[in-house]
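Visitor: here are the coordinates; sequence isn't available:
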Ligand SMILES: Nc1nc2c(ncn2[C@@H]2O[C@@H]3COP(=O)(O)O[C@H]4[C@@H](O)[C@H](n5cnc6c(=O)[nH]c(N)nc65)O[C@@H]4COP(=O)(O)O[C@H]3[C@H]2O)c(=O)[nH]1
């Protein structure tokens, strides 16, 4: 409540005037006779003039409450002219609603002189002539002259201050309720109010804060002078200002705040207050800053040490009391290695180069061991720090806090250590910082590990750990250069495992992989430290033997073959591995690595052709042969795309009545340069150079086309059988290809039989099994080719979806010459009989062979005795001639 207004008593010594009229001459006031100036002739006049010109409004009332003096400032204050007021009751100067109270107070004071209205200054509400409310400070003096009690009132207009205060009161009421920290400043940007949120967040009370500038209050040890000065300077612009700044609490701890400064203006447009709202954004800001800087360095593909260095420096810029180190765990998780510690004193760094990960290994080693944060608020008294105390003391480290850096799967990748120069524990900011940094460090460390892994993959074979072709050749080039400089020889060995494909096909890829790992191990064991071993591809390895001549190479190769030949157990099967090795020599067989490797490869082929588990040294003849082979491969490619490949058909007859059972389609190739190339040459070549699938497609299409043509022309060919290789069976499109080809030529699945060897059908590869099942389900017959050369068991045969057994030519050849073969052939025929399979005997050349087979119940025969493989028209003539 504002204090009650004071009433002035009108004086009768001055006649009323109108404000617009000229001011009347100054009165001679009775009271002047009793002033200190009494005696001076013009003393009264001086005093009256002084009062008249006073800045404050002066009103004097007489004992009847009439206004007897009303100076110019009073006229300005109320808007009443002197003449309108003088002689009238002072009540006219008092707002109507408080007049009764006012009159009562004056009366009481006149009677008792006890009222508090006299003396002290108070704020009162007034009403101007134009009805506008005003606020003024009032001080009232009571004077008694000749027992007449008069009052003099001095008033000063404080309406503006009052409104400012009122505004501030309302603002404070509004802001106190918010959770944010709020500062209100006045028009000079001095703090006039801080809310509860500010007190809570910054720890200052109102007394400490009020009167200071915000920039000054919020600055701390590490504030950049310009940043907060900017804040203090902004208010004059009269616009909303936003900024994110590091500000400091009373206790010196920094925090990141988002500042929004809103100016509040008076009606006349002048600045009244600024409201500054501060929201703590420490966490998000730190995250943004750290993440940005770390990501930037990572995007630039900077080394991990540099990324970590950035992290340390950023953390230290936010919390300058910290010295930060980032350590990474060794692959075996036994040690921590130093990655970055830009501000950790040099003297302490040796500790961080290889810190054991153990339950009591300073703070970092312990944190990595347990996978949790570890605090040592006093390094001097922490037992885990005992071995490092002296170095810590020398480095000025008094306390440490270490936090594990973990991968997403929880594995400890390293630690982030914070060192303090005084004995203390980490505060909230430190914890927040570290919690933000640790995942960033984890990303950077994992990324580095992935990079190393990728680099490793680029240079090392993932399966065996041996250098891959690229690295081996690079290492070999260096070794070769050294040998060339010193004039010493070098041997290059090309090693290819024998029958590796068979292991893969029959025992599965895991077994194949296990075999390769074992071979790699054995190769490494057999060589000297200076020798180089690498895996070129699949089952091919190479070894470079520097300073090795032909004789020494010979010894080394024999040692290798012996070692490789040691039996081993894989997936329950006993394997007897062997390899074919080709050797080339520097300088005789080449002066660069590529040539030496190529020549060793040629020699290896020669060794393989010579009967496996053998080695060959390169010779120029071999080279010629290899070149021919390459030329043949190119010619085969041409033949497959542009003709030159055709089919012959060999009849298959029923042995009981000599009727035609079917024909076997056999591929033939006539090349303009090489002439007739036998299948025994070009089929393996097609398999080796990846052309066999295409060859199969061509044969299937041509055989079906021919059969359809015969059907159309009434040539009585019951069916055609075709040879397939194992890559066909691993081709997931094979069933669709067969169905499509048959449909295109209007044939049915029963019109063809597919011949496959045992190992092809027994291939453990899932696609092979799916294909065999799909082909069988479609109604296409499968024949087991070269039967008897493998190791098929009766039990296994039963589970195979085959309908024919083709008895291998080698059995038929010896028929009639020795009894054992006869017994064997008979057993196979019985086996087929018991499994309800048609037995087809291949390679019948003589009558007695045919008779034996017929006698023993073999159904079908094929061989030169009846006909050689024939061109289609010759076959037609053969048929017609029967
Ligand atoms: N000594 C002797 N040989 C006889 C007699 N009767 C038939 N032959 C020969 O025995 C081979 C039978 O074919 P194969 O065992 O499937 O053996 C075939 C087969 O494995 C493969 N082959 C032929 N054509 C193709 C084909 O289109 N695709 C695939 N993947 N392999 C084929 O090439 C091998 C050799 O084929 P060819 O040289 O045509 O040899 C044929 C045939 O001419 C005989 O009474 N005495």
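Guide: In hand now; what should we look at? Computed from a prediction, not measured in an experiment: that's the story for all the values here. Numbers count the residues shown, from 1 in each chain.

Visitor: isn't residue 55 right next to residue 73, touching?
Guide: Yes. Residue 55 is in contact with residue 73 according to CB atoms under 8 Å; the separation is 6.1 Å. Where you see a C-beta, it was placed from the backbone N, CA and C, and this is true even at glycine.

Visitor: between the two, which one's more packed in?
Guide: Between residue 55 and residue 73, residue 73 has the larger neighbour count (other CB atoms under 10 Å), namely 21 against 11.

Visitor: Surely that one forms part of a helix?
Guide: Yes. Assessed by DSSP: H, G, I helix; E, B strand; the rest coil, residue 73 belongs to a helix.

Visitor: residues contacting it?
Guide: 54, 55, 56, 57, 58 (CB atoms under 8 Å, 6 or more residues apart in numbering).

Visitor: By neighbour count, which of the residues you listed wins?
Guide: residue 57 (23 neighbours).

Visitor: Now do the closest residue to that residue other than its chain neighbours against the ligand, distance only.
Guide: Closest residue to residue 57 apart from its sequence neighbours, by CB to CB, 6 or more residues apart in numbering: residue 74 at 3.7 Å. Residue 74 sits 126 Å away from the ligand, going by CB to the nearest ligand atom, to the nearest Å.

Visitor: surely residue 74 meets residue 154?
Guide: No. Checked against CB under 8 Å, the pair residue 74 and residue 154 is beyond contact range at 9.8 Å.

Visitor: Comparing these two, which shows the higher neighbour count?
Guide: residue 74 (27 against 21).

Visitor: I'd like to know which elements the longest helix seen in the chain is packed against.
Guide: Across the chain, the helix with the greatest residue count (assigned by DSSP state H) is helix 428-459. Applying 3 or more CB pairs under 8 Å, 6 or more residues apart in numbering; DSSP states H and E, we find helix 428-459 packed against helix 282-299, helix 304-318, strand 399-406, strand 412-420, helix 469-486.

Visitor: how about these in JSON lines, adding mean neighbour count and mean pLDDT?
Guide: Below are those laid out as JSON lines (neighbours: other CB atoms under 10 Å; pLDDT from 0 to 100):
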{"stretch": "helix 282-299", "mean neighbour count": "16", "mean pLDDT": "82"}
{"stretch": "helix 304-318", "mean neighbour count": "21", "mean pLDDT": "89"}
{"stretch": "strand 399-406", "mean neighbour count": "25", "mean pLDDT": "96"}
{"stretch": "strand 412-420", "mean neighbour count": "26", "mean pLDDT": "96"}
{"stretch": "helix 469-486", "mean neighbour count": "16", "mean pLDDT": "94"}
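
Visitor: got a markdown table for the ones you listed, with distance to the ligand too?
Guide: Output for the helices and strands packed on helix 428-459, formatted as a markdown table (distance: least, CB to the nearest ligand atom, whole Å):
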| stretch | distance to the ligand |
| --- | --- |
| helix 282-299 | 54 |
| helix 304-318 | 54 |
| strand 399-406 | 57 |
| strand 412-420 | 54 |
| helix 469-486 | 30 |
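
Visitor: Residue 263: which of these is closest?
Guide: helix 282-299 (24.9 Å; CB to CB).

Visitor: packing partners for the closest one?
Guide: Using 3+ CB pairs under 8 Å, 6+ apart, helix 282-299 sits against strand 254-265, helix 304-318, helix 428-459.

Visitor: which of these is buried the deepest?
Guide: Ranked by mean neighbour count, those are led by helix 304-318 with a mean of 21 (mean count of other CB atoms under 10 Å).

Visitor: Quick one: name the residues of the chain near the ligand.
Guide: Selection of the chain residues close to the ligand by CB under 6 Å from any ligand atom yields 650, 666-667, 678-680, 683, 699, 723-725, 755, 785, 809, 842-845, 862-864, 869.

Visitor: ok, back up a step: now the longest helix of the chain against strand 412-420, angle please.
Guide: 140 degrees (axes from the mean of the first three to the mean of the last three CA atoms, to 10 degrees).

Visitor: now helix 428-459: how far from the chain's centre is it?
Guide: Offset of helix 428-459 from its chain centre (CA atoms, centre = their mean, to the nearest Å): 10 Å.

Visitor: I'd like the next helix or strand past the helix or strand of the chain with the lowest mean pLDDT.
Guide: Across the helices and strands of the chain, mean confidence by mean pLDDT, DSSP states H and E is lowest for helix 225-234: a mean of 61. As assigned by DSSP states H and E, the chain's next helix or strand after helix 225-234 is strand 241-248.

Visitor: quick check: angle from the host helix or strand of residue 369 to strand 412-420?
Guide: Using DSSP H and E, the element containing residue 369 is helix 362-370. Angle of helix 362-370 versus strand 412-420, following the same axes, to 10 degrees, is 150 degrees.

Visitor: got a list of contacts for whichever helix or strand comes after helix 362-370?
Guide: Downstream of helix 362-370, the next assigned helix or strand under DSSP H and E is strand 374-376. Contact with strand 374-376 is made by 362-364, 366-367, 382, 384-385, 399-402, 425-426, as judged by CB under 8 Å, 6+ apart.

Visitor: How about stretch 806-822?
Guide: 755, 783-789, 824-825, 828-829, 839-846, 848-849, 852-853, 858, 863.

Visitor: Do a quick rundown of the helices in the stretch 551-700 of the chain.
Guide: Ranges of helices within the stretch 551-700 of the chain are 593-609, 620-642, 679-688, 692-712, based on DSSP state H, counting those that start in this stretch.

Visitor: how distant is the second one from the center of its chain?
Guide: Its chain's average C-alpha position is 49 Å from that of helix 620-642, according to CA atoms, centre = their mean.

Visitor: Likewise for the third one?
Guide: Centroid separation between helix 679-688 and its chain, computed with CA atoms, centre = their mean, is 49 Å.

Visitor: Mind giving me the PyMOL command for buried ones among the contacts of stretch 806-822?
Guide: Selection of the buried residues among these in PyMOL, burial being defined by 16 or more other CB atoms under 10 Å:
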select buried, resi 755+783+784+785+786+787+788+824+825+828+829+839+840+841+842+843+844+849+852+853+858+863
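
Visitor: just checking, which of the contacts of stretch 806-822 belong to strands?
Guide: 755, 783, 784, 785, 786, 787, 839, 840, 841 (DSSP state E).

Visitor: Is it possible to get TSV of those residues that adds distance to residue 538 and pLDDT?
Guide: Formatted as TSV, the ones in strands among the contacts of stretch 806-822 follow (distance: CB to CB, whole Å; pLDDT from 0 to 100):
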residue	distance to residue 538	pLDDT
755	27	94
783	30	94
784	27	89
785	25	86
786	25	76
787	29	76
839	37	93
840	35	95
841	37	95
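
Visitor: domains of this protein?
Guide: The chain resolves into domains spanning 30-157, 162-280, 301-455, 469-618, 640-880 when parsed by automatic domain parsing.

Visitor: what number of residues lie near residue 181?
Guide: What residue 181 shows, counting by other CB under 10 Å, is a neighbour count of 26.

Visitor: Give me the most central residue, the chain.
Guide: Compute the mean C-alpha point of the chain, and by CA atoms, centre = their mean the closest residue is residue 443, 6.6 Å away.
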